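1. turn this into a structure:
(one chain, ligands or ions: 2)
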Amino acid sequence: MTIERLVLASNNAGKLRELSAMLAPLGIEVVTQGSLGVSEAEEPHPTFVENALAKARHAARETGLPALADDSGLCVSALGGKPGVLSARYAGEPKSDLANNAKLIADLHGVDDRRAHFYSVIVLVRSADDPQPLIADGEWHGEIIAQARGEGGFGYDPHFFVPSLEQTAAELAPELKNTLSHRAAAMRHLLDRLKTPS
Ligand SMILES: O=P(O)(O)OP(=O)(O)OP(=O)(O)OC[C@H]1O[C@@H](n2cnc3c(O)ncnc32)[C@H](O)[C@@H]1O
Ligand SMILES: [Mg+2]
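-> Ligands and ions are numbered 1, 2, ... in the order given. Predicted coordinates for the structure are as follows:
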């Protein structure tokens, strides 16, 4: 599959930064859906993969370009996998990282089991009705800590502690997060598939 230009189907500044950095070495021209005036896609589905597909198809339909979307979230063991697909709006509307983190920490008050993982599905469609979308996923395991640490990243990163590094995702240099994260793993798998002729 040869792609010269694609639209990033996300309105999340943190994600756009990370995805753009990961795609930079490929020599593909990357444009954000915001710069092309794409309307906000619905994300009504119970699974990450369905929401990622919906976002990618929507951006491809509105721009006529190949589109890449990420649907991701934080899955906390003691909360039965929540906030999961609802991670962006865990504390309700309007979306707020601060409010989401406050709710997460309140929900885990007094809970010993702090295990959690981030999950990302990245979907690439060549056109809105592409019958053969490229789909890849990745996970990143860690623990939720009550005290926020670090200024980097976005979303739940200040509370996502990686024991092997003794740092939160927000304390990691962006280049390091971009090699270790759920999104990095999904992107690696996707790019492997992209390189395979079909
Ligand atoms: O749908 P788009 O426009 O891409 O932006 P979004 O923020 O709504 O994205 P999602 O619907 O995929 O929701 C993902 C949420 O999961 C959280 N999240 C995902 N990846 C994360 C990461 O790398 N670090 C911290 N939080 C993350 C964060 O709260 C995101 O808002
Ligand atoms: Mg979203």
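2. any idea which element the spatially most central residue of the chain lies in?
-> In the chain, the centroid-proximal residue (Cα atoms, centre = their mean) is Ser72; its distance is 4.0 Å. Taking DSSP states H and E as the definition, one finds Ser72 inside strand 67-76.
3. on the three-state scheme, the closest residue to the residue nearest to the centre of the chain other than its chain neighbours is what?
-> Closest residue in space to Ser72, ignoring its immediate chain neighbours: Ser120 at 4.0 Å, by Cβ to Cβ, 6 or more residues apart in numbering. Glycine gets a C-beta too; all of them are placed from N, C-alpha and C. Recorded secondary structure, Ser120: strand (DSSP: H, G, I helix; E, B strand; the rest coil).
4. so the helix or strand just after the strand holding Ser72 versus strand 67-76, what angle?
-> Downstream of strand 67-76, the next assigned helix or strand under DSSP H and E is helix 97-107. Orientation check (axes from the mean of the first three to the mean of the last three Cα atoms, to 10 degrees): helix 97-107 against strand 67-76 gives 30 degrees.
5. could you give the average pLDDT over helix 97-107?
-> Averaging pLDDT along helix 97-107 yields 98.
6. so what secondary structure elements neighbour that helix?
-> On a contact count with 3 or more Cβ pairs under 8 Å, 6 or more residues apart in numbering; DSSP states H and E, helix 97-107 meets strand 67-76.
7. so does the strand it packs on get close to ligand 1?
-> Yes - interface with ligand 1: strand 67-76 contributes Asp70, Asp71, Ser72, Gly73, Leu74 (Cβ under 6 Å from any ligand atom).
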